[in-house]
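K.L.:
Sharing a sequence plus its predicted fold:
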Amino acid sequence: MSQFIPPSLLQHFVPPDDYTGTFCWLTGYSADASFLSAAAERFTQHTDGQRAAQGAIAIVALLDVGQKQINSTDAPGVLHVPLTQKQNFALLHAKVALLRFRHVDSPEKWCLRLLVSTGNWTRQTLEKSLDLAWSINLFSEELRSSEAAHRQARADVLAGWKLFEWLMPLFDLSALYAEPYSLTTIAREQLRQSCGGLATRGLPKSRFFDSRKNSLLTQVLKLAPLPSPTRMANRLIMGSGFFETSTGSGVPVVLAKIASDLKQRGFLNRHCEVDVIAEPADCQAVSTSLAAMNALGWRIRPPGQPHFIGNVSRRLHAKFIFAGRRRKGSRACLDAWLYLGSGNLTAPGFLVGCPSGNLEAGLVIADDSLEWDKVRGMAPAAWLENRLPVQFKDEIVDPGALATGPGMPDRPAAFLAAPISWCRYVAASDDSVACLLLPDHVLPVEILDTQLQACVRLGSQSVAWPGEQQPSVTVRWQENGVVNQCSIPVIDAAGRIAAMPLPELDLESAWFQLQQFPNAPAEEDSEADTREFNRNDTPPSVRHSTTSDSGIRAMMRLIESVAHKQSGISLADWDAWCVSLEQALRQAAHCSAVKAFAAEVALNPLIVLGQPCSLPAFAHEVESPQNNRLQRLLSDVAGCWGMVDMAPSADF
């Protein structure tokens, strides 16, 4: 019998076959750089070094105000943004991600994935907790499908998108909007367009829900499949990482209300067996209610430790409710349904909606594939104890085996929005020193250099920057008599956010970088080196050239190779191509071949890239937005190359 190993929370970030991740909105109570960096690597399939060089934000983290700032230098490709408005909830506790993937070979095809977790976005969740996660994919080809599963996926993803639309205005997202032409902007807008294109009419009820308007319990009662009177559940299992604070020896109020409401609504029969799954050493009110629960016929059980986690015991953190019917002579979990989500079985987590309660999220799914008992020959995925952290062998009968534990810790605000949330790096020139341009702000701020000394002000919205460009800098400000500081991302001339400095490239390396588009350059090729134009998709007429050619021939080979590549770019990839083209050409601005061409020929070779022969058909029209975008970047690069006033080159 093969062992059942469900995907870890990290594996839910892995793209479907033939897809790659582009942009993700993520919200939660807590996270750490280790998990988010690993998630970004799986999502984009780019290493830390590649993401740091690319400067594209792949994951935007909207986290509770008690979460300490996660710096992008520790998790390249991730941007943790702060709350700016008074929160409309007690805690931001929902653990949800909405991811967009694009097809590798057909960029017009995409996939949206809604991911719901009971665990936080931390390494502890991966290594020490018993948690649950659920995800669903929606592919672009399924938008017009009438199949029930595809319509349900549209409803679920749309509900997830509405939660993020509600959350976004509460956070400072200005760093994402500072650069209109960037890989980050393109990917973010593509996700918005994909979600905006989801039809809202004729869809079933979403299985996904949140507590913005109603409590989780209210919505569970609406979404759980109501059985006929003869098919009511006779088993109820409730598990949680935290329970309400102990106030006496009676049955915890939240657990009693869940069971009572389910019975009153016809979900459970009068003789329903109830199991409460709790962490014995840390179970709050459950620790003092063993006698009261036993008097009702309820049992308290420690969590199950699935075989696939090995011999290491993990702590229960999952929040779930499972109801089903067990019939004599059958192992099947009949008429079963499951709630899983972020909401602990506490009043703010499960009984109260916003603004008094936490912002929580979860889902209810029906599942007829599970079986109560494990037998020889059974598919491992069908056994309930492999799917939920439950077991029916051990029961806690000794009150001394239960402890209240520390419970849910209080967390003061740890990441406050600064008066500015980004700055722009401007390299030194013959006439000026390197500086940071600051956006408009009201409160005075100081920018600290790498030695944590205040930078010299050059004006009301700029400071001198000593040393190399940095992915982020520290801003310090005073508010209400308190001195605060945090990191803010730096945006460079190429529109990259929180990126490492771009290395200078020669023309051969610039071409090698562009040749790999739409993939990120290989990490080992991020620095300038000498290579020949002899790749497979280089026009045959130039493959014989060697690296000893003059700057003129090197420039000719670059322009011809880029023109050949550019003419085959798809409309879906055009904006991203323009960003990558500008970046690579800027990196080559100071190489010897550019200088030699400018000195010996005094012509602008970039004009060739704007001619119809170098363009895909959709960019031929001079007034088209695609043509305009290319012409603007060619003009900007010409200025960077010192060729603004030069005549156009002949078409070579």
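P.N.:
Good, I have the coordinates.
K.L.:
chain center to the biggest helix by length in the chain: distance?
P.N.:
With secondary structure taken from DSSP state H, the chain has its longest helix at helix 148-167. Distance of helix 148-167 from the chain centroid (Cα atoms, centre = their mean, to the nearest Å) equals 16 Å.
K.L.:
same question, stretch 287-303
P.N.:
40 Å.
K.L.:
What of stretch 19-30?
P.N.:
With Cα atoms, centre = their mean, you get 1 Å for stretch 19-30.
K.L.:
Mean confidence (pLDDT) on that stretch, please.
P.N.:
The predicted model assigns stretch 19-30 a mean pLDDT of 97.
K.L.:
Check which helices and strands the longest helix of the chain sits against.
P.N.:
Helices and strands touching helix 148-167, as assessed by 3 or more Cβ pairs under 8 Å, 6 or more residues apart in numbering; DSSP states H and E, comprise strand 19-28, strand 96-103, strand 110-117, strand 133-139, helix 183-196, strand 208-210. Where you see a C-beta, it was placed from the backbone N, CA and C, and this is true even at glycine.
K.L.:
Turn the ones you listed into CSV, columns for distance to Val644.
P.N.:
What follows is the helices and strands packed on helix 148-167, written out as CSV (distance: least, Cβ to Cβ, whole Å):
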stretch, distance to Val644
strand 19-28, 34
strand 96-103, 36
strand 110-117, 39
strand 133-139, 46
helix 183-196, 26
strand 208-210, 53
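K.L.:
Excluding chain neighbours, what is closest to Cys640?
P.N.:
Ala589 (4.8 Å; Cβ to Cβ, 6 or more residues apart in numbering).
K.L.:
Could you tell me which residues make contact with the one you found?
P.N.:
Going by Cβ atoms under 8 Å, 6 or more residues apart in numbering, Ala589 touches Glu504, Val637, Cys640, Trp641.
K.L.:
measure the first one to Ala588 for me?
P.N.:
The span separating Glu504 from Ala588 equals 7 Å under the rule Cβ to Cβ, to the nearest Å.
K.L.:
which one of those two has more residues nearby?
P.N.:
Ala588 (24 against 15; other Cβ atoms under 10 Å).
K.L.:
And for Asp261, the neighbour number?
P.N.:
Asp261 has 16 nearby residues by other Cβ under 10 Å.
K.L.:
Downstream of the helix or strand it falls within, the next helix or strand is which one?
P.N.:
For Asp261, the element it lies in under DSSP states H and E is helix 253-264. Next helix or strand after helix 253-264 toward the C-terminus (DSSP H and E): strand 268-277.
K.L.:
right, and Trp337 touches Asp367 too?
P.N.:
Yes - the pair Trp337 / Asp367 is scored as a contact, 7.0 Å apart, by Cβ atoms under 8 Å.
K.L.:
In a helix, Asn311, correct?
P.N.:
No - applying DSSP: H, G, I helix; E, B strand; the rest coil, one finds Asn311 to be coil, outside a helix.
K.L.:
picking that back up, and the contacts of the longest helix of the chain?
P.N.:
Helix 148-167 has contacts (Cβ under 8 Å, 6+ apart) with 25, 27, 62, 94, 96, 98, 112, 114, 136-138, 142-143, 145, 195, 198-200, 202-210, 212, 361, 363.
K.L.:
Is it possible to mark the buried ones in those residues?
P.N.:
Buried by 16 or more other Cβ atoms under 10 Å: 25, 27, 62, 94, 96, 98, 112, 114, 136-138, 142, 195, 198, 203, 206-210, 212, 361, 363, out of these.
K.L.:
returning to what we had before: Trp337 and Asp367 - which one has more neighbours?
P.N.:
Comparing Trp337 with Asp367 by neighbour count (other Cβ under 10 Å), the higher total belongs to Trp337, at 22 against 14.
K.L.:
now the end-to-end length of stretch 191-208.
P.N.:
19 Å (Cα to Cα, to the nearest Å).
K.L.:
So what touches that stretch?
P.N.:
22-23, 25, 98, 100, 110, 112, 114, 116, 140, 143, 148, 151-152, 154-161, 223, 361-365.
K.L.:
And the average pLDDT for that stretch is what?
P.N.:
pLDDT averaged over stretch 191-208 gives 91.
K.L.:
same thing with stretch 600-607?
P.N.:
Stretch 600-607 carries an average pLDDT of 84.
K.L.:
tell me which residues of it are tucked away?
P.N.:
Per 16+ other Cβ under 10 Å, stretch 600-607 contains these buried residues: Val601, Leu603, Asn604, Pro605, Leu606, Ile607.
K.L.:
Can I get that stretch in PDB, CA atoms only?
P.N.:
Extracted C-alpha coordinates of stretch 600-607, given in PDB (Å, rounded to 0.1, in the frame of the first residue of the first chain):
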ATOM      1  CA  GLU A 600      33.100  55.600 -34.900                       C
ATOM      2  CA  VAL A 601      29.700  55.800 -36.500                       C
ATOM      3  CA  ALA A 602      27.800  58.600 -34.600                       C
ATOM      4  CA  LEU A 603      24.500  57.000 -35.500                       C
ATOM      5  CA  ASN A 604      21.600  55.800 -33.400                       C
ATOM      6  CA  PRO A 605      21.200  52.000 -34.100                       C
ATOM      7  CA  LEU A 606      18.200  51.700 -31.700                       C
ATOM      8  CA  ILE A 607      16.000  53.200 -34.400                       C
END
